[in-house]
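Undergrad: Sequence and predicted structure, then a few things I'm wondering about:
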Number of protein chains: 2
Amino acid sequence: MEYCFGVDIGGTTVKMGLFSGEGELLEKWEIPTKKGTDSKPLLKAVGEEMEKCLSRKGIKKEEIAGVGMAAPGPVNEEGLLRGAVNIGWGDVFLGREAEKIMEIFPVFIGNDASFAALGEFTFGAGKDVSSLIMITLGTGVGGGVVLNGQVLMGKTGTAGEIGHTTINPFETLTCNCGKKGCLEQYASATGMVRMAEKFLQESNKPSPLRQLDKITAKDLWEQAKKGDELALDITKYVSHLLGMAIANACYIVDPEMVVIGGGVSQAGQFLLKMIQEAYAQHVFPHCRDKKFALAKLHNDAGIYGAAAMVFEKK
Amino acid sequence: MEYCFGVDIGGTTVKMGLFSGEGELLEKWEIPTKKGTDSKPLLKAVGEEMEKCLSRKGIKKEEIAGVGMAAPGPVNEEGLLRGAVNIGWGDVFLGREAEKIMEIFPVFIGNDASFAALGEFTFGAGKDVSSLIMITLGTGVGGGVVLNGQVLMGKTGTAGEIGHTTINPFETLTCNCGKKGCLEQYASATGMVRMAEKFLQESNKPSPLRQLDKITAKDLWEQAKKGDELALDITKYVSHLLGMAIANACYIVDPEMVVIGGGVSQAGQFLLKMIQEAYAQHVFPHCRDKKFALAKLHNDAGIYGAAAMVFEKK
């Protein structure tokens, strides 16, 4: 029996998991992310954590089939991570560097949102479908595409970047990415709060949201669920834009399922239904009944997907 | 040595080609499309044409490896053509029906724009790349996606339908598809003429376009090439929307190449450069240098792609 490690490098923590050959998560833990321009200290720390784990478990290094490593940036076809701004890294062949430092082979790297989609596909919400797109509604809007069982990275590493598709060509505010009118400007947790503040200012409707010092996306969805009219206006508007962006993506790859994940997806079936209804308004009748599901693996999707990548490539 | 037939069913004519096992087009011809609600008369006529071709060439039916057949409508994963409005057909398993009527096996069917993309990928503009999306600017806007050497049909048959991605959420006019704000409403030949008429009405700029009784997309691009300021305003606007829609599609699948085809693409490198510049404004810096190319196979792309499908599946 073989094992593998799934690693998910985030801006704050590095999540790590040891998986059995059957894809069972045997142990998971996390360490703080070492930031800076050099990726070596972080990789060294990850390697040491793996060594400790192996000795704890009495597993030999030769029994490790490989390591999957999710990185917070675009990874191109050649395995080049095109920078990870949240950590401070520039362009780096992270997989090769990790193999050298950690002395475990092979190391497969990929974009974190793409690996999360692969995780949901292999072990989570999408384990019974043949293709999916996943949209992650968090601080930003991430995405991943899995077709015919394979995660799509893309030539330059931007496959699945639905958060930066333009949905409002008339937007005047600039997105973090430098463009204007990206989905992320409206449908990330931050974007939803921005929309809420805009609606509150432009409307006279009463709302419990007006009593809050600082609105969060969670407050917004909670009030909408309770039937607050203004909160419903806002969530419907945001869902409309999400439905449109998802429809546009489905008109390119037409997957069997759409998975919604990220912190905002804790609003559950209420949010899912609203997005699905908006989606149906933006597509031909014969593709209106697409499967929609909530993500199941939550914060572990990245390590599951990283592990799935090792099994897929073996 | 084996042969195959490539068939491209259009609203006016059915194009047919006999191909060698090496993918060489040995003979091509066309017959008028038999319209109506029943697909059998058309398939019978196509079958008879094949028989005649085989006897002309002295080829036995057993030497035919298969038939690829492009249809003007969405084809889902199960091979169900979800209607072909231009001909009058409803839902039909066209491949199975064709096999029964024509007695040639197997028959692979697919959407015409998707097969055209596969044709360009295998024999045309994209023969040296690993993935592409193709956008066809004709009466409508069609599209196809080829990833890792395989044409993407999609679960419900709408993969590649870039013409019906929403690019203007504030449009009030309805597209032929029933939605509002589709790319096709601006960037098809018809859409470009509509935009030209709008700009002529809303602007006071002089332009040779004002002397024409009826403007065509060809006139528009010809005047733009000659440096007419108003024609340039219009072509830049339309290219901007095309660049945006292509950027959105590339953010989902991130292919190696974008191929522009269809009647409007006869405007050549001038049009290609304008679209490419607009694309670059809508993407991250590291994916700005994507390959853009004009389609090479023109009206034969469908039959080439249909033939490629047979070779791919054998």
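TA: Received it, and whenever you're ready, just let me know what you need.
Undergrad: tell me which parts of the stretch 1-150 of chain A are close to chain B?
TA: Along the stretch 1-150 of chain A, the residues adjacent to chain B under the rule CB under 8 Å from any CB of the partner chain are A:P74, A:N76, A:R82, A:S130, A:S131, A:I133, A:V145, A:L147, A:N148, A:Q150. C-beta coordinates here come from the backbone N, C-alpha and C atoms, glycine included.
Undergrad: Show the backbone phi and psi for the nearest residue to the fifth one once chain neighbours are set aside.
TA: Once its chain neighbours are removed from consideration, A:S131 has its nearest residue in A:P255; the separation is 4.0 Å (CB to CB, 6 or more residues apart in numbering or on different chains). Per-residue torsions, A:P255: phi -80, psi 170 (degrees, to the nearest 10).
Undergrad: Where does A:D8 sit, in terms of helix or strand?
TA: Using DSSP states H and E, A:D8 sits within strand A:3-9.
Undergrad: By proximity to chain B, which residue of the stretch 201-314 of chain A wins?
TA: Closest residue of the stretch 201-314 of chain A to chain B, CB to the nearest CB: A:D254 (2.5 Å).
Undergrad: If the residue in the stretch 1-150 of chain A that chain B sits nearest to is in a bridge, with which residues?
TA: Scanning the stretch 1-150 of chain A for the residue nearest chain B gives A:R82, at 4.9 Å (criterion: CB to the nearest CB). Under DSSP bridges, the beta-bridge partners of A:R82 are A:D91.
Undergrad: ok so A:K34 is a strand residue?
TA: No. The assignment for A:K34, made by DSSP: H, G, I helix; E, B strand; the rest coil, is coil rather than a strand.
Undergrad: give the contact list for it.
TA: A:P41, A:L42, A:A45 (CB atoms under 8 Å, 6 or more residues apart in numbering or on different chains).
Undergrad: again with A:L232
TA: Contacts here follow CB under 8 Å, 6+ apart; on that basis A:L232 touches A:A224.
Undergrad: Could you tell me the angle between the strand or helix carrying it and helix B:229-253?
TA: Following DSSP H and E, one finds A:L232 within helix A:229-253. Angular relation of helix A:229-253 and helix B:229-253 on a 0 to 180 degree scale: 90 degrees, by axes from the mean of the first three to the mean of the last three CA atoms, to 10 degrees.
Undergrad: Buried residues in helix A:229-253, which are they?
TA: Residues of helix A:229-253 classed as buried by neighbour count (16 or more other CB atoms under 10 Å in any protein chain shown): A:230-235, A:237-253.
Undergrad: what stretches of the stretch 201-314 of chain A score poorly on pLDDT?
TA: Counting by pLDDT under 70, the stretch 201-314 of chain A has low-confidence residues at A:314.
Undergrad: cutoff 90 now
TA: Regions of the stretch 201-314 of chain A meeting the criterion pLDDT under 90 cover residues A:284-287, A:289, A:311-314.
Undergrad: residues of stretch A:41-51 that come out buried?
TA: Within stretch A:41-51, the residues that count as buried by 16+ other CB under 10 Å are A:L42, A:L43, A:A45, A:V46, A:G47, A:E49, A:M50.
Undergrad: what does stretch A:210-217 give?
TA: Across stretch A:210-217, burial judged by 16+ other CB under 10 Å covers A:I215, A:T216, A:A217.
Undergrad: Check stretch A:49-64 too.
TA: Using 16+ other CB under 10 Å as the burial criterion, the residues of stretch A:49-64 that qualify are A:E49, A:M50, A:C53, A:L54, A:I59, A:I64.
Undergrad: Give me the pLDDT for the closest residue to chain B within the stretch 51-200 of chain A.
TA: When you check the stretch 51-200 of chain A against chain B by CB to the nearest CB, the closest residue turns out to be A:G154, at 2.5 Å. Note for A:G154: predicted pLDDT of 95.
Undergrad: now A:M1
TA: Note for A:M1: predicted pLDDT of 62.
Undergrad: residue contacts, A:H240?
TA: Contacts of A:H240 by CB under 8 Å, 6+ apart are A:A278, A:Q281.
Undergrad: For the stretch 201-314 of chain A, just list every one of the helices.
TA: Chain-ordered helices for the stretch 201-314 of chain A, with DSSP state H, counting those that start in this stretch as the definition, fall at A:217-225, A:229-253, A:268-280, A:301-313.
Undergrad: which stretch among the ones you listed comes nearest A:I31?
TA: Comparing the helices of the stretch 201-314 of chain A by their distance to A:I31 (CB to CB), the top pick is helix A:301-313, with 12.9 Å.
Undergrad: Surely A:N111 touches A:L152?
TA: No. Under the criterion of CB atoms under 8 Å, A:N111 lies out of contact with A:L152, with a separation of 10.2 Å.
Undergrad: Now list whatever residues contact both of the two.
TA: In the contact map built from CB under 8 Å, 6+ apart, the residues linked to both A:N111 and A:L152 are A:G144, A:G160.
Undergrad: Tell me which of the two has more neighbours.
TA: Taking other CB atoms under 10 Å in any protein chain shown, A:N111 and A:L152 do not tie; A:N111 has more neighbours (31 against 24).
Undergrad: Could you find the closest non-adjacent residue to that one?
TA: Distances taken as CB to CB, 6+ apart place A:V75 nearest to A:N111, at 5.1 Å, with adjacent residues excluded.
Undergrad: Against the centre of chain A, work out the most remote residue.
TA: In chain A, A:N204 marks the outermost C-alpha relative to the chain mean, sitting 36.0 Å out by CA atoms, centre = their mean.
Undergrad: what secondary structure does the closest residue in space to A:K180 that isn't next to it in sequence sit in?
TA: With CB to CB, 6+ apart as the criterion, A:K180 has its nearest non-adjacent residue at 4.6 Å, and that residue is A:E171. In three-state terms, and counting by three-state DSSP, A:E171 is coil.
Undergrad: Relative to B:P255, how far out is A:E171?
TA: As judged by CB to CB, to the nearest Å, A:E171 and B:P255 stand 26 Å apart.
Undergrad: That concludes my questions; thank you for your assistance.
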